[in-house]
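>>> I'll drop the sequence and a predicted model, then ask my questions.
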Amino acid sequence: MTTRPDAVADRATTCFQHAYGQAPTGRWAAPGRVNLIGEHTDYNDGFVLPFALPLRTVIAAGPEPTGSWTVCSELTGETVSFGDDEVARPGQVTGWAAYVAGVVWALRAAGHQVPGVRLAVASDVPLGAGLSSSAALEAAVLAALVDLGGLELPPDQQPRLAQHAENHYVGAPTGIMDQSAVIRCRGGHALFLDCRTEHVEHIPFDLAGAGLAILVIDSRAPHRHADGEYAARRASCEKAAALLGVPALRDVPAVRLDETLARLPDGETRRRVRHVVTEDQRVLDTVALLRSGQVRQIGPLLTASHASMRDDFAITVPEVDTAVEAALAAGALGARMTGGGFGGCVLALVEADQSDHVSAAVTTAYTARSFTPPTVTLATPAPGATRLD
Ligand code: ADP
Ligand code: MG
């Protein structure tokens with residue numbers, strides 16, 4: 001993965017100057033993220049362990065004297081303007097600019113006086129690849145508005161507000177993980193998030209110090225029915241929790257899993273519950289290993305997570321299974337699909353000097369199956385949203 005953080009910031013400035021004929025007041029950046037482990041645990045009130053990527057979305061911003069909001073995206077080449085009417089209620093601004101209007105709407109709904117601004121967006125975070133370009137965009141816009149408006153909104157309250165924008169203005173039913181990760185992550189650490197309490201803990205994750213690297217492999221798989229399948233998994237988990245008489249599957253103790261599963265009516269529901277309960281436990285086990293500096297030892301937990309997603313939760317597709325199998329066969333210490341499933345990215349934990357070898361092996365396996373070639377990038381745990389200048 002080549003990252004050119006300065007280049008993307010320069011592109012945001014160029015985009016701003018081109019659209020508005022002047023220099024921006026400042027620039028704000030927010031990263032993409034990848035989830036190290038803990039899949040489909042968030043809406044079950046469980047645990048996740050994301051870290052921020054060196055890929056970033058940068059917002060260049062300056063005041064808009066009319067008090068309205070205008071945003072241009074280098075990516076779409078479009079400029080979209082909206083005023084008080086459009087941010088009075090959801091549904092008025094649609095498409096990509098809804099992520100921006102949604103943040104303005106959510107801030108106003110929370111009682112903030114939001115200044116009019118001109119914005120320009122440039123990004124290195126691939127869209128729709130499961131690396132959370134949506135949260136990166138929301139977080140960068142939020143950081144700019146908070147600073148330019150002098151708003152009182154501490155970082156620990158920002159993820160909830162950005163999530164509110166995405167859930168209710170954009171209309172995407174996401175959990176709190178993405179916004180928490182892109183806002184609160186620290187360089188060299190993963191973010192251990194309890195999705196029930198929103199308590200976070202920064203867990204040291206020193207890959208380079210351990211001589212390791214993480215490959216993020218974009219499976220390039222077309223998303224097949226991802227929304228419907230996501231809703232079905234969620235409904236299945238909620239139904240199972242109700243049948244078991246617990247508020248959420250997080251409340252099923254891993255040590256009593258077998259007797260709990262025996263109380264469920266069918267094999268499919270049992271498999272869904274087993275994934276969530278064992279996945280929560282794998283997050284806790286991963287955190288325990290990282291806390292004691294045993295980075296290399298998390299590999300088998302990553303691979304077990306993948307098997308659970310493939311066999312019990314049934315959310316993998318041939319492309320991601322192929323990438324995981326090829327990475328492991330080439331010597332990866334662990335590999336798993338990351339994200340909601342049905343495509344997206346695979347991450348592989350490898351010895352640092354094996355990165356090229358494992359990457360080439362995955363590409364070869366893809367070629368053999370005539371899949372669209374994967375893109376492979378190197379991930380190091382990066383900081384969350386910040387002002388650049
Ligand atoms: P992910 O968050 O996994 O990348 P989503 O579907 O949640 O995928 O969000 C992607 C959407 O976010 C894009 O389709 C687009 O509407 C919006 N978006 C993200 N980054 C940008 C950007 N730099 N410019 C314009 N729109 C963006
Ligand atoms: Mg998203």
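Okay, I see it. Ligands and ions are numbered 1, 2, ... in the order given.
>>> Look at Arg263 and say how many residues are nearby.
Neighbourhood size, Arg263 [other CB atoms under 10 Å]: 12. Backbone N, C-alpha and C define where each C-beta goes, glycine included.
>>> hang on, it packs against Val246?
No - taking contacts as CB atoms under 8 Å, Arg263 lies outside contact range of Val246: 11.1 Å.
>>> ok, now which ones touch Gln163?
174-176, 178-179 (CB atoms under 8 Å, 6 or more residues apart in numbering).
>>> for this structure, what spans make up the strands?
26-35, 47-48, 50-63, 69-73, 79-82, 117-123, 189-194, 200-204, 212-218, 334-338, 345-351, 375-379, 386-387 (DSSP state E).
>>> For ligand 2, tell me whether the longest one is touching it.
No - contact between strand 50-63 and ligand 2, assessed by CB under 5 Å from the ion, is absent, since the two come no nearer than 11.6 Å.
>>> and that strand, what does it pack onto?
Applying 3 or more CB pairs under 8 Å, 6 or more residues apart in numbering; DSSP states H and E, one finds that strand 50-63 contacts helix 5-20, strand 26-35, strand 117-123, helix 133-149, helix 177-184, strand 189-194, strand 375-379.
>>> CA-only coordinates of stretch 151-167, as PDB, when you get a sec.
C-alpha atoms of stretch 151-167 as PDB (Å, rounded to 0.1, in the frame of the first residue of the first chain):
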ATOM      1  CA  LEU A 151     -18.800  24.200  18.800                       C
ATOM      2  CA  GLU A 152     -18.700  22.500  22.100                       C
ATOM      3  CA  LEU A 153     -18.600  18.900  21.100                       C
ATOM      4  CA  PRO A 154     -15.900  16.800  22.700                       C
ATOM      5  CA  PRO A 155     -14.400  13.900  20.700                       C
ATOM      6  CA  ASP A 156     -16.100  11.200  22.900                       C
ATOM      7  CA  GLN A 157     -19.500  12.600  21.800                       C
ATOM      8  CA  GLN A 158     -18.700  12.900  18.100                       C
ATOM      9  CA  PRO A 159     -19.100   9.300  17.100                       C
ATOM     10  CA  ARG A 160     -22.800   9.200  18.300                       C
ATOM     11  CA  LEU A 161     -23.600  12.400  16.400                       C
ATOM     12  CA  ALA A 162     -22.000  11.100  13.100                       C
ATOM     13  CA  GLN A 163     -23.800   7.800  13.500                       C
ATOM     14  CA  HIS A 164     -27.000   9.700  14.000                       C
ATOM     15  CA  ALA A 165     -26.400  11.500  10.700                       C
ATOM     16  CA  GLU A 166     -25.700   8.200   8.800                       C
ATOM     17  CA  ASN A 167     -28.600   6.300  10.400                       C
END
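>>> Give me the buried positions along it.
Buried residues in stretch 151-167, counted by 16 or more other CB atoms under 10 Å: 151, 153, 158-159, 161-167.
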